[in-house]
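[1] Provided below for reference: sequence and predicted model.
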Amino acid sequence: MSVLNSFKNINTWIFDLDNTLYHPRKRIFDMIHKRMTRFIANYFEVNLKEARKIQTEYFYKYGTTLSGLMKKHNIKPNVFLNYVHDINFDRFEKDHKLNILLKKINGKKIIFTNADKKYALKVITKLGIKKNFSYIFDIKDANYVPKPDIYSYKKMVRYYKIDPKKTLFIEDIKRNLEPASKMGMATVWINNNLKINKLTKSNKFVDLEVKSLIDFLQKITLN
């Protein structure tokens with residue numbers, strides 16, 4: 001049996017948002033990164049170089065920069081999220097191919113993101129794929145505990161009454177797949193050549209590696 005055939009019993013599809021539902025070449029997340037750096041620079045009254053150092057350190061250590069800022073400095077999450085997601089959404093375009101492919105998939109479709117729901121809704125609306133998704137499980141739903149902490153995965157599973165053994169999780173940051181795999185979910189890693197993924201050497205919790213979500217969905221719908 002091929003790996004793709006093993007996905008045929010899936011009834012719940014969980015998708016990461018940034019750099020998964022759209023390709024990183026759109027450089028959307030670059031705008032968010034710059035906003036994060038500026039927020040930190042303003043808050044700590046440091047230069048941009050020092051701000052990026054703090055930003056990166058917290059991201060790697062705590063899962064997200066926000067999580068580090070909350071734990072170390074009691075930053076109010078809404079203030080941070082509203083600031084960093086205040087970007088130009090005109091860079092997004094409707095993705096008709098993705099919309100068609102998502103429609104072909106049977107089952108519950110959920111977005112699982114370390115961002116907030118307001119931002120996620122703007123993204124999927126701009127992409128023209130909003131009608132495909134039943135739910136968005138965001139950082140607020142996870143009590144601000146970000147991926148890859150297994151707490152947020154378990155909370156999502158309970159909240160939506162998900163059977164992990166009939167669930168597929170699709171994500172571009174490899175380390176975020178490990179908790180899903182431990183819970184029994186099938187996993188697809190979208191390898192976008194992100195720098196962070198070089199730190200996660202093991203592929204044992206990756207069931208399938210693909211270059212893009214479109215590539216994967218085309219294989220699934222043709223298989």
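    Here it is on my side, so go on.
[2] buried sites along stretch 57-74?
    Within stretch 57-74, the residues scored as buried using 16 or more other Cβ atoms under 10 Å are 58, 59, 62, 63, 64, 65, 66, 67, 68, 69, 70. In this view, the C-beta of every residue, glycine as well, is placed from N, C-alpha and C.
[3] where does the protein have low pLDDT?
    1-4, 194-202, 223 (pLDDT under 70).
[4] coming back round to it: now, the most widely separated pair of the buried residues of stretch 57-74?
    59 and 70 (13.0 Å; Cβ to Cβ).
[5] how close does the residue in the chain sticking out farthest from the centre get to residue 32?
    Relative to the centre of the chain, the most outlying C-alpha is that of residue 45, 30.0 Å out, by Cα atoms, centre = their mean. Using Cβ to Cβ, to the nearest Å, residue 45 is found at 22 Å from residue 32.
[6] Could you do residue 63 as well?
    In this view, residue 63 and residue 32 are 16 Å apart by Cβ to Cβ.
[7] And the buried residues of stretch 57-74, which is closest to residue 9?
    Among these, residue 63 lies closest to residue 9 (Cβ to Cβ), at 30.2 Å.
[8] For residue 138, which residues are in contact?
    With contacts defined as Cβ atoms under 8 Å, 6 or more residues apart in numbering, residue 138 is in contact with 111, 113, 115, 116, 117, 120.
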